[in-house]
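In: I would like the atomic coordinates for the input below:
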Amino acid sequence: MPFVCKHRLTYHQGAKSVIVEISKRLGMSNKNKGPLQGMKVLDWTMWQFGPVSTMMLADLGAEVIKIESLDGDHGRQFSQVSGVGSNSYDNLSSHYFEVLNRQKLGIAVNLKSNAGRKIVLELVEQSDVFVENFRQGVAERLGLGWEDLSRINPKLIYGSATGYGPNGEDSGKPAFALTGEARSGSLWWGGPEDGVPYNLHGIADQIAGIMLSYGVLAGLIYREKHGAGQKVETSHLGSMMWLGMMRDGIGLLEGRELARQHRSNMNNPLWNTYRTKDGKWIALSMSQGERYWPIFCDVVNRKDLESNPNFISSEARQKYKSIVISELDEIFNNKTLDEWEKILRSSDLIWERVQSTLDLPSDQQVISNDYLVPFEHSVLGYSMWHQLPLTFGKTPVTTTKMAPSLGENTEEILIERLGYSWAEIEVLQDEGVIL
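Out: Okay, here's the model as predicted:
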């Protein structure tokens, strides 16, 4: 049984009833009518960084055509995601590929052939956006660089994704998410103070993809106002530094490295996680200790802690933090998470359950906001898909299409967009230009 299908059987009670509710509310249609409807995007990307950016544009309603080689995006066969197995359900796709390429059309073209490049250049003439994430120089060698394409379409927005940015001696250095996380200082964000860098599970690809789509949208706005296209570039390194701007910005202003904190060593015990009686976890998120400490003591029925000289002020609680945290550990270990939720819901405290991935499909807040939506995949069956977490009053976004199979729309696009005949298509197939 496929990975997704197996896990859908473990969803909490009530998840099935949610499917009908969402489907009715979303009114799933065959086309995404989001705010970018009418925009045409060419997606010559692979792995995660580039595909995330173009998938976000597709989620907003743009028509995105994914350009792949005849053997496909390497992500189709990718079976390890940050050390975690990601099942492949056939030789030409994987769960990794599916979650990064929904909503797109797909063509498979041999770009090392003149005829293959001609197809892409003809599509460029009709497109608003072109996105690539290959090493510096690859696009230029194939005649698909910014200078080449802007001559064909001066209004084109050209998005380029790299590891280290367009300038400097390392601009052409090969990179993946982990290298960007390492170079940016981000591997020291989390974990205990043990001197070991901690894996961030590919977050650099995700934030850099978001940043690139943000840049592309800004380029489109400029073009609407001034009539000119331009190249937009971002990188793993720059995007991860921006993501850590608050933490690292303070460190740069103060001239010091901000220490990591294990939960047993948090300066503010009210900004921490605690294990409950049933082995689950709860997160307290109250940065204003002086304001919330008396309320907390009252809610957990421990008024004695409020007058304890070791706990009486934020300074005291920081000084004796190990004692305070130990006391709170004992308090939260006396009740289950559900019992604590009933108590805390009626208070003014800021807290939340610590959930896992498989808790999300039955979380009513997630469902009410369409952050996950039901989807019937032709191979995987029923699954829940992340939807872009933006709500538009006039142009709602919807998830309507799975990732394309390799070359799924090649013939359709050549005939309907470019005016090729069936005879010409057969020649291209025989010559190994297209699938």
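
In: let me see the ranges of the helices in the stretch 301-435 of the chain.
Out: 303-307, 314-319, 321-332, 337-345, 364-368, 410-416, 422-430 (DSSP state H, counting those that start in this stretch).

In: for the fourth one, output the C-alpha coordinates as CSV.
Out: Spelled out, it's helix 337-345. The C-alpha coordinates for helix 337-345 follow below in CSV (Å, rounded to 0.1, in the frame of the first residue of the first chain):
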residue,chain,number,x,y,z
LEU,A,337,-2.7,16.9,27.3
ASP,A,338,-6.5,16.9,26.8
GLU,A,339,-7.0,17.6,30.5
TRP,A,340,-4.6,20.6,30.3
GLU,A,341,-6.4,21.8,27.1
LYS,A,342,-9.7,22.0,29.0
ILE,A,343,-8.1,24.0,31.8
LEU,A,344,-6.1,26.4,29.6
ARG,A,345,-8.8,27.1,27.0
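
In: report the angle between it and helix 321-332.
Out: Helix 337-345 and helix 321-332 are oriented at 110 degrees to each other (axes from the mean of the first three to the mean of the last three Cα atoms, to 10 degrees).

In: buried ones in helix 337-345?
Out: 337, 340, 344 (16 or more other Cβ atoms under 10 Å). Backbone N, C-alpha and C define where each C-beta goes, glycine included.

In: mind putting the helices of the stretch 301-435 of the chain into a markdown table with distance to Val52?
Out: Output for these, formatted as a markdown table (distance: least, Cβ to Cβ, whole Å):
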| stretch | distance to Val52 |
| --- | --- |
| helix 303-307 | 46 |
| helix 314-319 | 39 |
| helix 321-332 | 37 |
| helix 337-345 | 33 |
| helix 364-368 | 20 |
| helix 410-416 | 23 |
| helix 422-430 | 30 |
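
In: give the buried residues for stretch 166-181.
Out: 171, 175, 177-181.

In: out of these, who's nearest His377?
Out: Nearest to His377 among those: Ala177, at 25.7 Å, using Cβ to Cβ.

In: for the closest one, what are its contacts?
Out: Neighbouring residues of Ala177 by Cβ atoms under 8 Å, 6 or more residues apart in numbering: 48-49, 200, 202-205, 236.

In: one more: Ser150?
Out: Per Cβ under 8 Å, 6+ apart, neighbours of Ser150: 156, 158, 229, 231.

In: per-residue confidence at it?
Out: Here the pLDDT value assigned to Ser150 is 96.

In: now swap in Ser93 and tell me
Out: pLDDT, read off for Ser93, is 69.

In: one more: Ser29?
Out: Here, the pLDDT recorded for Ser29 equals 42.

In: strands of this protein, start to end?
Out: Ranges of strands within the chain are 40-44, 63-68, 80-81, 84-85, 105-108, 129-132, 157-162, 230-235, 271-275, 281-285, 351-353, 372-377, 381-386, based on DSSP state E.

In: looking at those strands, spot the one closest to Glu193.
Out: strand 271-275 (15.0 Å).

In: list the contacts of that closest one.
Out: By Cβ under 8 Å, 6+ apart, strand 271-275 touches 263, 266, 281-287, 325, 328-329, 331-333, 354.

In: just the buried ones among these, please.
Out: Applying 16+ other Cβ under 10 Å to those flags 266, 281-282, 284, 286, 325, 328, 331-332 as buried.

In: between the residues you listed, which is nearest Lys104?
Out: For the buried ones among the contacts of strand 271-275, the nearest to Lys104 is Trp281 (37.3 Å; Cβ to Cβ).

In: contact partners for that closest one?
Out: Listed by Cβ under 8 Å, 6+ apart, the contact set of Trp281 reads 273-275, 337, 353-354.

In: and for Thr410?
Out: Contacts of Thr410 by Cβ under 8 Å, 6+ apart are 106-109, 434-435.

In: repeat the analysis, applying 10 Å as the threshold.
Out: With contact set as Cβ atoms under 10 Å, 6 or more residues apart in numbering, Thr410 has these partners: 65, 67-68, 105-109, 119, 404, 420, 425, 428-429, 433-435.

In: I'd like to know which of the helices of the stretch 301-435 of the chain is closest to Val379.
Out: Nearest of these (Cβ to Cβ): helix 410-416, 19.9 Å.
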